[in-house]
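> No sequence on hand, only this structure:
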């Protein structure tokens, strides 16, 4: 098979972003723009991916440490043509070269394959039509419709600015031919840069075929040059994810108000309310319901469970038939067995909660083993941290923890224990008994409250 090398141009600063962060590290769906482009390139199974970096180079490389790409530094940023010149010496002359931009996150592999197939003995370029192509390089054709050249916005005449077909920044061609044409590129333009687009003019002038591959959807070739464009592409990406969920049978309250920033797998008859965010790997079993304004990060939720409004779940496992929220938080290491209830303003961290157990109000359960059928009253906390180390609390099956109890770890609450409300428990409790640990209540009959001084008094 012919060699395929991909060159991703990622050296730009992105001044219109008004940010210290290199442009290609701004995020769509929780991942850097460059990550999306690399992912699309990898789908073609190329022999090598070359990333040309420049502005914020150390930061860009650090963000992709360990990535299977070859880094090419553009020390002097003299334009897109100059950027490709830095990579070409590393590419075999017989290879097909696909040139992409690192700030175009929604490009699809189908478009890239078509570009590679269309290159032939000339150049294939990606184009699209816009009702308003302001800021874009226009595609100029001859009377027979053949592509002749690309003119940049700053160099275009009034008539050329009226053209609606624009060059989308991707091209493919043979490495040897591209190198020859690049050697003829000059910087006689408004920006004094070596434009990659000049390749099209030089190739056409040498009678090489220039094939325009039009994108079926404008957004798949849209780049990011401003915060507004970043936000627009974020919504476009998320809307695409929402449509995939709907096609798979997921019930969405609003396909414009859901964010998938990773992998979301759903069973049958799953419903998702407004403004929910899914990050990392999330798995929702059959008939799971997610209420409005919830955030789920690397979470597995088994069948018939429900997460109510304004809940945050991260690195957690929820068993079947559970009820979580509203306003609940499951932190990393939280594992709920079947039929567990975690209610409003309850936080669970690094704890296993047994089947049928409940903590319905205002409690903190950290570093704990909670058995089956346990009731944890409002205001209960496990005191798991002594300032140096974390300690475990064990609450055995069938125990009842009264409201406002403080369990000082390490401690074990015996099977079937009752803990009186307001108790501070610092020693293990015997099974099946009521344990109280309160200060004696006193009333002072002759006590009088302090008197306030009159306003302005001494």
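On my side now, so go ahead. Model, not experiment: these values are computed from the prediction.

> In the protein, where's the longest helix?
helix 227-247 (DSSP state H).

> Following that helix in sequence, what is the next regular element?
Per DSSP states H and E, the first helix or strand lying C-terminal to helix 227-247 is strand 251-252.

> Lowest average confidence across helices and strands of this structure, where is it?
The helix or strand of the chain with the poorest confidence is helix 158-161; it has a mean of 87 (mean pLDDT, DSSP states H and E).

> Show me what the next helix-or-strand element following that one is packed up against.
Going down the chain from helix 158-161, the next helix or strand is strand 165-174, by DSSP H and E. For strand 165-174, the elements it packs on are strand 96-101, helix 109-119, strand 123-129, strand 138-141, helix 198-205, judged by 3 or more CB pairs under 8 Å, 6 or more residues apart in numbering; DSSP states H and E. In short, each C-beta sits where N, CA and C put it, glycine included.

> So for strand 165-174, what gets flagged as buried?
Neighbour counts over strand 165-174 (16 or more other CB atoms under 10 Å) mark 165-174 as buried.

> What lies in contact with the least confident helix or strand of the chain?
Residues from elsewhere that reach helix 158-161 (CB atoms under 8 Å, 6 or more residues apart in numbering): 138, 140, 151, 153.

> Out of the helices and strands packed on strand 165-174, which is closest to residue 293?
When the helices and strands packed on strand 165-174 are compared by CB to CB, helix 109-119 sits nearest residue 293, at 34.2 Å.

> What average pLDDT does the closest one get?
Here helix 109-119 scores 94 as its mean pLDDT.

> Give me the contacts around that helix.
Everything outside helix 109-119 that qualifies as a contact, by CB under 8 Å, 6+ apart, is 4, 40-41, 43-44, 96, 98, 100, 124-126, 170-174, 211, 213, 215, 220-221.

> Put the buried members of these into a PyMOL selection.
Here is the PyMOL command that selects the buried residues among these (16+ other CB under 10 Å):
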select buried, resi 4+40+41+44+96+98+100+124+125+126+170+171+172+173+174+211+213+215+220+221
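
> Quick check: residue 163 touching residue 139?
Yes: between residue 163 and residue 139 there is a contact under CB atoms under 8 Å: 6.8 Å.

> Now do the shared contacts for these two.
With CB under 8 Å, 6+ apart as the test, residue 163 and residue 139 reach no residue in common.

> List the buried residues in the longest helix of the chain.
Counting neighbours by 16+ other CB under 10 Å, helix 227-247 gives 230, 233-234, 236-238, 240-242, 245 as buried.

> now stretch 63-72
63-64, 69, 72.

> Pipe those residues into JSON lines and attach pLDDT, distance to residue 87 and secondary structure per row.
What follows is the buried residues of stretch 63-72, written out as JSON lines (pLDDT from 0 to 100; distance: CB to CB, whole Å; DSSP: H, G, I helix; E, B strand; the rest coil):
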{"residue": "63", "pLDDT": "96", "distance to residue 87": "20", "secondary structure": "helix"}
{"residue": "64", "pLDDT": "97", "distance to residue 87": "16", "secondary structure": "coil"}
{"residue": "69", "pLDDT": "97", "distance to residue 87": "11", "secondary structure": "coil"}
{"residue": "72", "pLDDT": "96", "distance to residue 87": "5", "secondary structure": "strand"}
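
> mind putting these in CSV, distance to residue 11 included?
What follows is those, written out as CSV (distance: CB to CB, whole Å):
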residue, distance to residue 11
63, 15
64, 14
69, 14
72, 9
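
> Between all of those residues, which two are separated the most?
Longest span within the buried residues of stretch 63-72, CB to CB: 63 and 72, 16.3 Å.

> domains for this structure, by residue range?
4-221, 239-435 (automatic domain parsing).

> rank those by mean pLDDT and give me the bottom one.
Among the domains of the chain, domain 4-221 scores lowest, with a mean of 92.

> and the end-to-end length of it?
21 Å (CA to CA, to the nearest Å).

> from the middle of its chain, how far away would that domain be?
Between the centre of domain 4-221 and the centre of its chain there are 25 Å (CA atoms, centre = their mean, to the nearest Å).

> Figure out which of the helices and strands packed on strand 165-174 is closest to residue 412.
Short answer: helix 109-119, nearest of those by CB to CB, at 56.3 Å.

> who's more crowded, residue 163 and residue 139?
Each of residue 163 and residue 139 has its neighbours counted (other CB atoms under 10 Å); residue 139 has more, 27 against 18.

> Not including adjacent chain positions, what is the nearest residue to that one?
Closest residue to residue 139 apart from its sequence neighbours, by CB to CB, 6 or more residues apart in numbering: residue 165 at 4.3 Å.

> gap between the closest residue to residue 403 other than its chain neighbours and residue 336?
Excluding its sequence neighbours, the residue lying closest to residue 403 (CB to CB, 6+ apart) is residue 377, at 3.7 Å. From residue 377 across to residue 336, the span is 18 Å (CB to CB, to the nearest Å).

> Please identify which of these two sits among more neighbours.
With neighbours defined as other CB under 10 Å, residue 377 and residue 336 compare such that residue 336 has more, 29 against 20.

> I figured the more buried one hits residue 322, correct?
Yes: using CB under 8 Å, residue 336 is in contact with residue 322, at 5.1 Å.
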